[in-house]
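Asks: Structure of the sequence below:
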Amino acid sequence: MLEQFEEKMQKSYDSMISDFMTIRAGRANPHVLDKVRVDYYGVSTPLAQVGNISVPEARTILIQPWEPHMLGTIEKAILMSDVGITPTNDGKSIRLNFPELTEDRRKELAKDVKKRGEEAKVAVRNIRRDANDFVKKQNKAGELNDDQAKDYEDEVQKLTDKYVKKIDDGVESKSKEIMTV
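Replies: Next comes the predicted model:
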């Protein structure tokens, strides 16, 4: 009965984790380009679908488009995105060189991670509220007795605690990764 609510909590957690992948922590990570979209013959297309993205060195991402005329379009899309790195075009490929993060920038990113974690916790708590409302309606309609309703509410709280803990662990892990020089 509560599976749908657990599924929603899991989706909130998964969304936060995929959000974390787009935050650059000093090392080159191709996932920072996940949200970059390129105009490909009039269609907004994910960057990964118009070229090969690789990490030849720890602080470098190499983008090799399948069609050479796409270089300028890809370069423009990266400049317009919130990646925060200026691409280098050598005529055949585009390189993104990741500079060492400053201490202030690391703290800023860690704050952002905490904020996104709080947003995920709020989403989980909203799902808890919806689940409890659902249980109360079932109880009022006579489909559940008071004891069953209490048991379901306890189960919902356990689910909420489980996902809040997972979110806290994810935030701590990502913050540690960012603060590591």
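Asks: low-scoring pLDDT stretches of this protein, where are they?
Replies: Scanning the chain for pLDDT under 70 picks out 24-26, 181.
Asks: Check which helix or strand the residue located most distally from the centre of the chain maps to.
Replies: Ranked by distance from the centre of the chain (Cα atoms, centre = their mean), the top residue is residue 142, with 41.0 Å. Using DSSP states H and E, residue 142 maps to neither a helix nor a strand.
Asks: Now it: phi and psi?
Replies: phi 90, psi 10 (degrees, to the nearest 10).
Asks: what about the helices in this protein?
Replies: Ranges of helices in the chain, per DSSP state H, are 3-21, 71-80, 103-140, 146-179.
Asks: and those as JSON lines, adding distance to residue 94 and mean neighbour count?
Replies: All C-beta atoms are positioned from the backbone trio N, CA, C, and that covers glycine. JSON lines is the format used below for these (distance: least, Cβ to Cβ, whole Å; neighbours: other Cβ atoms under 10 Å):
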{"stretch": "helix 3-21", "distance to residue 94": "20", "mean neighbour count": "16"}
{"stretch": "helix 71-80", "distance to residue 94": "6", "mean neighbour count": "17"}
{"stretch": "helix 103-140", "distance to residue 94": "23", "mean neighbour count": "16"}
{"stretch": "helix 146-179", "distance to residue 94": "25", "mean neighbour count": "16"}
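Asks: Nearest to residue 65, out of those?
Replies: Proximity to residue 65 (Cβ to Cβ) singles out helix 71-80 among the helices of the chain, at 5.9 Å.
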